[in-house]
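>>> following is a predicted model, sequence given first.
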Protein chains: 2
Amino acid sequence: MSTAADQQDAKKNYLLGSLATAEFERVLTKLQPLSFALGDVMHESGDKMDYVYFPTTAIISLLYIMENGSTAEIGVVGNDGILGIELFMGGETTTNRAIVQSAGLGFKMKARDMKDEFTLGGAFQKLLLRYTQALIAQISQTAVCNRLHSVEQQLCRWLLLSHDRLDSDKLVMTHDLISNMLGVRREGVTLAAQKLVAQKLITSVRGTMTIIDRQSLENAVCECYEVVNTEYNRLLGRGVARTFA
Amino acid sequence: MSTAADQQDAKKNYLLGSLATAEFERVLTKLQPLSFALGDVMHESGDKMDYVYFPTTAIISLLYIMENGSTAEIGVVGNDGILGIELFMGGETTTNRAIVQSAGLGFKMKARDMKDEFTLGGAFQKLLLRYTQALIAQISQTAVCNRLHSVEQQLCRWLLLSHDRLDSDKLVMTHDLISNMLGVRREGVTLAAQKLVAQKLITSVRGTMTIIDRQSLENAVCECYEVVNTEYNRLLGRGVARTFA
DNA sequence: GACCTTCTGTACGGTAACACACAATTAGAT
DNA sequence: ATCTAATTGTGTGTTACCGTACAGAAGGTC
């Protein structure tokens, strides 16, 4: 692939966008554009992946599924990162499911190409490792947040994380879906959402939540959100969070 | 360092022990033996580390400390791994505190030496990356377990995790310390421990818990324990868990 | 327009873990 | 032997979330 439009699009993914020109152009030749549909399972626990993915407007959830069917999200990948770190980390597979949480676009790269690029040991490798460390920070914070914070706080965090990775203020998401991500009951999400609606931070109507007061949402969220954001910023040179005008 | 005794000791750390002879001997010249005392803080959130550590009989907890002072463990490193992945991952620091949970021995290596070894890109690098992926699995499972399982189940998991990394059946640990690791109240640990004592899985006296029926403890634990163990086994060629006679 | 499905709101009883308070026990120090 | 500090046990009331059940509302389909 190599149209100028694709080039522009690829840069929307921060990892690709931070590559120096020469490296970016080499990598670009190995990328194929791709559309992610809501609910698509990019890989199942234990699956070998044929591709790695660089979302630009799509968001992918890393979900863990328990034996009894309950689920919990451990992390999220959007235009900030790459799906498929297990390929260059050497394990080939992981124990979680990757599912499209918000439809959108992105690029894919063959597993073989990814490994070759990584083995070169250049700036791309360094970047991928730093990204992996940022992802570890996100997963760690999820662990802590799961232990110590309320559903309402976690819903705030989840909304902000999604908002950061989207162009729009509208999150197309049912309470049921969010409850699977947060690992809580659907009713729990409804209740928490109502509280946020009452404070006029969001609106929530059948299948869509809209963020109407992001600043106040940031005031309501637990520290976990900011900690992860700062860490992404430190490790990758820029935060994921939207900035204000 | 290079005495024959040290060589034997170094092999007690699985990462070091899985190196091929030539690589092991090269690495060995860069190791210094070290003793870890209970409660020692190996690094604080945000600190740059001068060394990485390879425990052999000590256990280190990766603890996250919230703004309000409450704490939660995100992972644990013993003879199965290395403390200080952030050095070769490129971030230099992390957002958690590393504290000695169980006193014991191990080795340290200068940060500079670690980076040089990693940059060589050989088997050691591959091993370190696979270990990092195993640690990610552990942290992820902690996140899920924090969300979905009871304190009693988590105490079982924590006891087994510690037992796996120790020679003894005695865990020198107060309820208060464990409560900080699990991110729950001290009373909660006391209650959970009482239930396990009633089932004759452990004994618990002032400052020491002793595992007396490991098999039953494994039956009582949630799936999280086994999942992580299987993943360590797959990624590193051997599990951490003790095997039975 | 009638029907069906999906999504959301509400209610009720149950439970696990919380916060706080304080008593009882044990270990170590002088 | 006594004192002190650390550790563990226990009780009481509160809260957040769970499981279950069901009603109402919104949207798609025929």
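Noted; the coordinates are in hand.

>>> contacts only, for the residue nearest in space to the middle of chain A.
A centroid search over chain A (CA atoms, centre = their mean) returns residue A:77, at 2.1 Å, as the residue closest to the centre. Contacts for residue A:77 (CB atoms under 8 Å, 6 or more residues apart in numbering or on different chains) come out as A:55, A:59-60, A:62, A:83, A:98, A:135. C-beta here means a position set from N, CA and C on the backbone, and glycine is covered the same way.

>>> report the buried residues of the longest helix along chain A.
When chain A is parsed with DSSP state H, its longest helix is helix A:123-148. Using 16 or more other CB atoms under 10 Å in any protein chain shown as the test for burial, helix A:123-148 gives A:124-125, A:127-148.

>>> now do the same contact list for residue A:37.
With CB under 8 Å, 6+ apart, residue A:37 has these contacts: A:100, A:103.

>>> before we move on, what about residue A:48?
Counting by CB under 8 Å, 6+ apart, the residues that residue A:48 touches are A:92-93.

>>> doesn't it belong to a helix?
No: counting by DSSP: H, G, I helix; E, B strand; the rest coil, residue A:48 is located in no helix; its state is coil.

>>> which positions in chain A make contact with DNA strand D?
A:150-152, A:183-185, A:187-188, A:205-207 (CB under 7 Å from any atom of the strand).

>>> so which of these are in strands?
The strands, defined by DSSP state E, take in residue A:205 from the residues of chain A next to DNA strand D.

>>> top of the residues of chain A next to DNA strand D by number of neighbours, please.
Highest neighbour count within the residues of chain A next to DNA strand D, by other CB atoms under 10 Å in any protein chain shown: residue A:183, with 24 neighbours.

>>> name whatever forms a beta bridge with the nearest residue to it once chain neighbours are set aside.
Spatial nearest neighbour of residue A:183, excluding adjacent residues (CB to CB, 6 or more residues apart in numbering or on different chains): residue A:72 at 3.4 Å. In this entry, residue A:72 is beta-bridged to residue A:64, by DSSP bridges.

>>> give the contact list for residue A:72.
Residue A:72 neighbours (CB under 8 Å, 6+ apart): A:63-64, A:66, A:146, A:181-183, B:143-144, B:147-148.

>>> nearest to DNA strand D, of the residues you listed?
Of all the contacts of residue A:72, residue A:183 has the smallest distance to DNA strand D: 6.7 Å, by CB to the nearest atom of the strand.

>>> surely the closest one meets residue A:73?
Yes: under the criterion of CB atoms under 8 Å, residue A:183 makes contact with residue A:73 at 7.2 Å.

>>> could you report the pLDDT at the nearest residue to residue A:60 once chain neighbours are set aside?
In space, not counting the residues next to it along the chain, residue A:60 is nearest to residue A:77; the distance is 4.7 Å by CB to CB, 6+ apart. At residue A:77, the pLDDT value in this model is 98.

>>> ok, so what distance separates residue A:77 from residue A:14?
To residue A:14, residue A:77 is 11 Å away according to CB to CB, to the nearest Å.

>>> before we move on, what about residue A:64?
For residue A:64, the distance to residue A:14 - CB to CB - is 25 Å.

>>> which one's more surrounded, these two?
residue A:64 (25 against 22).

>>> how about the more buried one, what does it touch?
A:45, A:71-74, A:95-97, B:140-141, B:143-144.

>>> near DNA strand C, which residues of chain A show up?
Going by CB under 7 Å from any atom of the strand, the residues of chain A near DNA strand C are A:174-176, A:186-187, A:190-191, A:193-194, A:204-207.

>>> want to try CSV for the residues you listed, with pLDDT as columns?
Listed next are the residues of chain A next to DNA strand C as CSV, based on pLDDT from 0 to 100:
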residue, pLDDT
A:174, 97
A:175, 97
A:176, 97
A:186, 97
A:187, 97
A:190, 98
A:191, 97
A:193, 98
A:194, 97
A:204, 96
A:205, 95
A:206, 94
A:207, 94
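
>>> please produce CSV containing the residues of chain A next to DNA strand D, extended by distance to residue B:231.
Converted to CSV, the residues of chain A next to DNA strand D look like this (distance: CB to CB, whole Å):
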residue, distance to residue B:231
A:150, 30
A:151, 29
A:152, 33
A:183, 20
A:184, 26
A:185, 29
A:187, 33
A:188, 30
A:205, 41
A:206, 40
A:207, 36
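
>>> correct me, but residue A:40 touches residue A:99?
Yes: counting by CB under 8 Å, residue A:40 does reach residue A:99; the two are 7.0 Å apart.

>>> neighbour-wise, which of these two wins?
Shown here are residue A:40 and residue A:99; by other CB under 10 Å, residue A:99 has more neighbours (23 against 14).

>>> helix, strand or coil for that one?
strand.

>>> how much space between residue A:223 and chain B?
5 Å (CB to the nearest CB, to the nearest Å).

>>> surely that residue and residue B:66 touch.
Yes: with contacts counted by CB under 8 Å, residue A:223 reaches residue B:66, the gap being 6.8 Å.

>>> tell me which helix or strand of chain A sits lowest on mean pLDDT?
helix A:4-10 (a mean of 85; mean pLDDT, DSSP states H and E).

>>> for chain A, what spans make up the helices?
Using DSSP H, helices in chain A cover A:4-10, A:14-17, A:21-28, A:85-89, A:111-119, A:123-148, A:151-164, A:175-182, A:186-198, A:214-220, A:223-236.

>>> what about the second one and chain B, any contact?
No: figure legend: helix A:14-17 not in contact with chain B (CB under 8 Å from any CB of the partner chain); closest approach 13.4 Å.

>>> buried stuff in that helix?
A:14-16.

>>> next, work out how far apart residue A:8 and DNA strand C are.
Between residue A:8 and DNA strand C the computed distance is 34 Å (CB to the nearest atom of the strand, to the nearest Å).

>>> burial check on that residue, number of neighbours?
With other CB under 10 Å as criterion, residue A:8 counts 10.

>>> for the one 10 residues further on, same thing?
Burial measure for residue A:18: 18 neighbouring residues, criterion other CB under 10 Å.

>>> for it, give me phi and psi.
phi -90, psi 0 (degrees, to the nearest 10).

>>> residue A:92 too?
phi 70, psi -40.

>>> that one reaches residue A:86, doesn't it?
Yes: using CB under 8 Å, residue A:92 and residue A:86 qualify as a contacting pair, with a distance of 6.1 Å.

>>> I appreciate the help and will end here.
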